[in-house]
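Colleague: no FASTA, just this:
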Ligand SMILES: [Zn+2]
């Protein structure tokens, strides 16, 4: 009798202890879901528990009962699918905001059908606005003017006095008239910013034609009046809200050129007003040779001035080469339509290596725009040299973005050197970058943006939107990106449209989601905080009505999240 009572007492005590250990009421429980965690050790779950904005448990409906207390908010997902929130690791809220305020850009759109149509349209604008002091509109089509490009003479007779700046279809060059060159004080002696990359195109007599490639004009535009932070903040907020509604909880701003500080002030204002719906990793944007020496200090300075809880400064972004459409990308072999030209790079291997070693002292990451195979090789070489000198793995996450042409010999080096490969899936329908086919020639163009090949070579492959203007901002939707990366077809052309590039460069929906979540977190060195649904990480989820991994891939771009959680709170967005 005595023995039995002691035993039963022990049992009851054990049970009580057990219950006390397990019963841990939390703030929020999501249950009855199909939860894809992107955590390899526990890939699928039914329920998740959240406390103080963080995930405390991921498991079954039964197990989650132990986390439900009187005050716990319990959301029954009714079978819906949950993914970790997306990370957009290369986008441009600042550029989107700046373009949204330009009424002329919205009102006038140059035709891209022929040169004749372009001139006729410009004549129409001149007739309608006889006393126009200034005109900046887009976009003329590069392929129509070929390698030689346009000439200022062609617009001088339409606009003899108006300062005219015409943006091109690549987004990487301007066409100016003589009045514009004069207004900026640009004459035949004005030096170029960087040979082969950012420069004033000259005719065979050495005369500047008015075609200005890449960033050569930016130092002059900097003197023009710019809108203040309070003017751009609403447009930034609008763009970030749209991203957040599509399930994005973290962005990396890949640069706003000479307007960056205005943008940081605007984002800081939004954070202080509680209007910032995402984590915002800002970057210091390098596009001029002269910026190199102060790059690291500038990041530290911005961090001090504008850094907050959501707005952070850990990255240097470099516009390392140009683009194929205007023959400014750094390529290993000459451009097919311009023998003797291999494009240009902002810095050389040695300069880049030194920047990496300097960045390593402060754990600052480096994100490069590398379109051509020569810039990619140079960056990989720089990383290899930096690691050799450092003696071990460098505490710098290096990301190469765009990767339109990658030489096969360099594919395995991403994994070997721990360099991240970032692609922009909404470009994979072949509807953008008119002119890069003739610049690259058949073979290189056919292997354009080799996502699958780079993935199979073992790289940490990541995805982002890289949108630069308000009219294309809707394409920053990760669901559009996931569908396009998996199909290499633009949804607007339908499922029967030819696949862009190599069919083998399509990747699975599973890999696309990985590239938008955990892989992006690794790229940004934030994998302990975000990127997957696992205990200890921020409670950032996106809830969608159907199972993204089993549904028709051609319907993925139409997905509208039913709820988005950021730090454990359901987003209520305008
Ligand atoms: Zn970009």
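Modeller: Perfect, thanks for sending it. None of the values given here were measured: they were computed from a predicted structure.
Colleague: shaky segments in the protein?
Modeller: Counting by pLDDT under 70, the chain shows low-confidence ranges at 1-22, 101-106.
Colleague: assign the spatially most central residue of it to helix, strand or coil.
Modeller: The centre of the chain sits closest to residue 90, judged by Cα atoms, centre = their mean, with a distance of 1.7 Å. What DSSP: H, G, I helix; E, B strand; the rest coil gives for residue 90 is strand.
Colleague: for it, which non-adjacent residue is spatially closest?
Modeller: residue 464 (3.7 Å; Cβ to Cβ, 6 or more residues apart in numbering). For glycine as for every other residue, the C-beta is placed from the backbone atoms N, C-alpha and C.
Colleague: quick one: the one you found from the ion, how far?
Modeller: 8 Å (Cβ to the ion, to the nearest Å).
Colleague: cool, residue 574 as well?
Modeller: Counting by Cβ to the ion, the gap from residue 574 to the ion is 26 Å.
Colleague: what residues does that residue make contact with?
Modeller: residue 241 (Cβ atoms under 8 Å, 6 or more residues apart in numbering).
Colleague: measure it to residue 238 for me?
Modeller: 8 Å (Cβ to Cβ, to the nearest Å).
Colleague: cool, residue 97 as well?
Modeller: 8 Å.
Colleague: who has more neighbours out of those two?
Modeller: residue 97 (29 against 16; other Cβ atoms under 10 Å).
Colleague: so that one touches residue 270, yeah?
Modeller: No. Taking contacts as Cβ atoms under 8 Å, residue 97 lies outside contact range of residue 270: 11.0 Å.
Colleague: find the residues that touch each one of those two.
Modeller: Counting by Cβ under 8 Å, 6+ apart, the residues touching both residue 97 and residue 270 are 233, 236.
Colleague: apart from its neighbours in sequence, what residue is nearest the residue of the stretch 201-350 of the chain at minimum distance from the ion?
Modeller: Per Cβ to the ion, residue 254 is where the stretch 201-350 of the chain lies closest to the ion, at 4.3 Å. Excluding the flanking residues, the one nearest residue 254 by Cβ to Cβ, 6+ apart is residue 90, at 4.5 Å.
Colleague: got it, and residue 23?
Modeller: Leaving aside its sequence neighbours, residue 23 sits nearest to residue 66 (Cβ to Cβ, 6+ apart; 5.6 Å).
Colleague: where exactly do the helices run in the stretch 451-574 of the chain?
Modeller: 451-456, 478-487, 509-516, 518-523 (DSSP state H, counting those that start in this stretch).
Colleague: could you do the stretch 251-400 of the chain as well?
Modeller: Here the stretch 251-400 of the chain has its helices, by DSSP H, counting those that start in this stretch, at 260-272, 295-306, 349-360, 373-390.
Colleague: in a markdown table: those, plus distance to residue 527 and mean neighbour count.
Modeller: Supplementary listing: the helices of the stretch 251-400 of the chain in a markdown table, determined by distance: least, Cβ to Cβ, whole Å; neighbours: other Cβ atoms under 10 Å:
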| stretch | distance to residue 527 | mean neighbour count |
| --- | --- | --- |
| helix 260-272 | 23 | 20 |
| helix 295-306 | 21 | 16 |
| helix 349-360 | 19 | 19 |
| helix 373-390 | 20 | 21 |
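Colleague: please convert the ones you listed to CSV, extending it with distance to residue 224.
Modeller: Shown next, in CSV, are those (distance: least, Cβ to Cβ, whole Å):
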stretch, distance to residue 224
helix 260-272, 13
helix 295-306, 22
helix 349-360, 30
helix 373-390, 30
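Colleague: may I see those helices organised as a markdown table, with distance to the ion added?
Modeller: Shown next, in a markdown table, are the helices of the stretch 251-400 of the chain (distance: least, Cβ to the ion, whole Å):
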| stretch | distance to the ion |
| --- | --- |
| helix 260-272 | 13 |
| helix 295-306 | 18 |
| helix 349-360 | 18 |
| helix 373-390 | 14 |
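Colleague: contact residues of this protein facing the ion?
Modeller: 254, 466 (Cβ under 5 Å from the ion).
Colleague: hang on, the earlier thing: so who does the residue nearest to residue 90 touch?
Modeller: 88, 89, 90, 91, 252, 254, 401, 422, 423, 424, 520.
Colleague: the residue nearest to residue 254 contacts residue 420, doesn't it?
Modeller: No. With contact defined as Cβ under 8 Å, residue 90 does not count as touching residue 420 (10.6 Å).
Colleague: touching both of the two, which residues are there?
Modeller: Counting by Cβ under 8 Å, 6+ apart, the residues touching both residue 90 and residue 420 are residue 399.
Colleague: can you get me a residue count around the nearest residue to residue 402 once chain neighbours are set aside?
Modeller: Leaving aside its sequence neighbours, residue 402 sits nearest to residue 371 (Cβ to Cβ, 6+ apart; 4.8 Å). Applying other Cβ under 10 Å, we find 29 residues neighbouring residue 371.
Colleague: surely residue 371 touches residue 422?
Modeller: No. At 11.9 Å, residue 371 and residue 422 do not qualify as touching, with contact defined as Cβ under 8 Å.
Colleague: overlap in contacts of these two?
Modeller: Going by Cβ under 8 Å, 6+ apart, residues that sit against residue 371 and also against residue 422 are 402, 403.
Colleague: the residue nearest to residue 317 when sequence neighbours are not counted: how many residues sit nearby?
Modeller: Of all residues not flanking residue 317 in the chain, residue 283 sits nearest, at 3.9 Å (Cβ to Cβ, 6+ apart). Residues lying near residue 283 (other Cβ under 10 Å) number 24.
Colleague: so residue 283 sits against residue 366, correct?
Modeller: No. The pair residue 283 / residue 366 is not scored as a contact, 9.4 Å apart, by Cβ under 8 Å.
Colleague: which residues are common contacts for the two?
Modeller: 315, 316.
Colleague: residue contacts, the nearest residue to residue 286 once chain neighbours are set aside?
Modeller: In this structure, residue 286 finds its nearest non-sequential neighbour in residue 318, 4.6 Å apart by Cβ to Cβ, 6+ apart. Residues counted as contacts of residue 318 (Cβ under 8 Å, 6+ apart) are 286, 287, 346, 347, 352, 366, 367, 368, 369.
Colleague: quick check, the first one in contact with residue 316.
Modeller: Yes. With contact defined as Cβ under 8 Å, residue 286 reaches residue 316; the gap is 6.4 Å.
Colleague: quick one: common contacting residues for those two?
Modeller: Each of residue 295 lies in contact with both residue 286 and residue 316 under the rule Cβ under 8 Å, 6+ apart.
Colleague: next, count neighbours for residue 497.
Modeller: Around residue 497 there are 16 residues (other Cβ under 10 Å).
Colleague: then the one 10 residues further on?
Modeller: Taking other Cβ under 10 Å as the criterion, the count of residues near residue 507 is 23.
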